[in-house]
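Peer 1: take this sequence and fold it.
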Amino acid sequence: MADDVTKVMDEQHMLEGQYGDLIAKRSELKGISKKPELLATKKEIAIVANKLKVSTKDLCSKLQDNPDVDGNNMAISGHKSLLIERLSDVMSELNSNLNFTGFR
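Peer 2: Model (predicted):
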């Protein structure tokens, strides 16, 4: 069961990355000439947000049905370490450049 949970968490992590990229892209699209691309990006954001919602429900269901405490703790620990590493990179980038253009 831990493999199922890990698979869903990995999928969710990928979707979160896509969502973040789309949000960044949306913020760059300004001006009347980019309106069609902005609308397409907003549509993509809605699709990814819906997939995230479904993924979260799936994850909750899997955790409730068969809690594998040790396996889940290991998976969560791995994801937490990755998050801490990425946040550290963001903080370093912000401290050195006062922006995070390197993450696009």
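
Peer 1: which secondary structure element of this structure has the lowest mean pLDDT?
Peer 2: Least confident helix or strand, the chain: helix 69-97 with a mean of 82, by mean pLDDT, DSSP states H and E.

Peer 1: enumerate the positions of it that are buried.
Peer 2: By 16 or more other CB atoms under 10 Å, the buried positions in helix 69-97 come out as 71-72, 75. All C-beta atoms are positioned from the backbone trio N, CA, C, and that covers glycine.

Peer 1: check contacts around residue 48.
Peer 2: 15, 18-19, 22 (CB atoms under 8 Å, 6 or more residues apart in numbering).

Peer 1: between these, which is closest to residue 90?
Peer 2: residue 19 (16.0 Å; CB to CB).

Peer 1: just the helices in the protein please.
Peer 2: Using DSSP state H, the helices of the chain run over 2-28, 35-65, 69-97.

Peer 1: excluding chain neighbours, what is closest to the residue nearest to the spatial centre of the chain?
Peer 2: Centroid-nearest residue in the chain: residue 16, 1.4 Å away (criterion: CA atoms, centre = their mean). Leaving aside its sequence neighbours, residue 16 sits nearest to residue 52 (CB to CB, 6 or more residues apart in numbering; 6.9 Å).
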